[in-house]
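K.L.:
Fold the stuff below for me.
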Amino acid sequence: MAITIGPAAEDDLGPLRDFHVSNHLDETCHCPGEREHQIGDLKDDFPQLYSAEVFRRGSFRVATAEPGGKILGCVGLVPDEEEPDEVTWLNTFSVSREVRGRGVGSELLRWALGAVETGRVRLVTLGGHSEGKDVMGVARSMYEKSGFALYKKSTVKYGDSTTIDVLYYEKIM
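P.N.:
Numbering: from 1, shown residues only. Sure, this is the predicted structure:
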């Protein structure tokens, strides 16, 4: 299968949202109450996928099976609202399970890091889970190998007892 990586346009917003949200929910929801909690937070967690205005402020890449084909991966960069010259948020980073391990994620991350010349690149990912599930471990490993360092951690509670760590990473360019 030939994979093409290129710029995402505003017309891609709906398909990108569907792809990324589906991947995100499949990757992160393992216990009762999590999926409902995540779905309730989607517009806050991924404003770039729900607002054309936020999408237009950023720059996004999409990997497809062929030009214009099935989406296999995506990544985005959006300047921070308060410090746009100093902080860029890496977001919407998702790779389909069917092409993981084939360099698609590495290529998307390489583009994103190459597109930011100065300042800091930040991202938010999930980590430790009270049920012992590995949530986004492969992604965290890729970030750390690319020079990102953990700078903040918080914990979110789902239902009566399930918790998951929210991890904030940063790379100084």
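K.L.:
can you pull the buried residues of the helix or strand of the chain with the lowest mean pLDDT?
P.N.:
Least confident element among the helices and strands of the chain, by mean pLDDT, DSSP states H and E: helix 34-45 (a mean of 75). Neighbour-count burial for helix 34-45 flags 34, 37, 38, 42, 45 (criterion: 16 or more other C-beta atoms under 10 Å). Heads up, the C-betas are built off the backbone N, CA and C, glycines and all.
K.L.:
Also stretch 150-163?
P.N.:
158, 162.
K.L.:
Please tell me how far the helix or strand harbouring residue 53 is from the chain's geometric centre.
P.N.:
Here residue 53 sits within helix 52-57, counting by DSSP states H and E. On the basis of C-alpha atoms, centre = their mean, to the nearest Å, helix 52-57 is displaced by 16 Å from the centre of the chain it belongs to.
K.L.:
For that helix, which outside residues touch it?
P.N.:
With C-beta atoms under 8 Å, 6 or more residues apart in numbering as the test, helix 52-57 has contacts from 10, 13, 47, 48, 49, 78, 79.
K.L.:
any idea which of these is closest to residue 89?
P.N.:
For the contacts of helix 52-57, the minimum distance to residue 89 (C-beta to C-beta) is 5.0 Å, reached by residue 78.
K.L.:
quick one: contacts for that closest one?
P.N.:
Residue 78 neighbours (C-beta under 8 Å, 6+ apart): 48, 54, 57, 58, 88, 89, 91.
K.L.:
and those, which are buried?
P.N.:
With burial judged by 16+ other C-beta under 10 Å, the buried subset of the contacts of residue 78 is 48, 54, 58, 88, 89, 91.
K.L.:
all helices of this structure, in order?
P.N.:
13-28, 34-45, 47-50, 52-57, 104-115, 137-145 (DSSP state H).
K.L.:
can I get those helices in a markdown table with distance to residue 122?
P.N.:
Below are the helices of the chain laid out as a markdown table (distance: least, C-beta to C-beta, whole Å):
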| stretch | distance to residue 122 |
| --- | --- |
| helix 13-28 | 18 |
| helix 34-45 | 14 |
| helix 47-50 | 14 |
| helix 52-57 | 15 |
| helix 104-115 | 12 |
| helix 137-145 | 11 |
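K.L.:
Nothing else from me, thank you.
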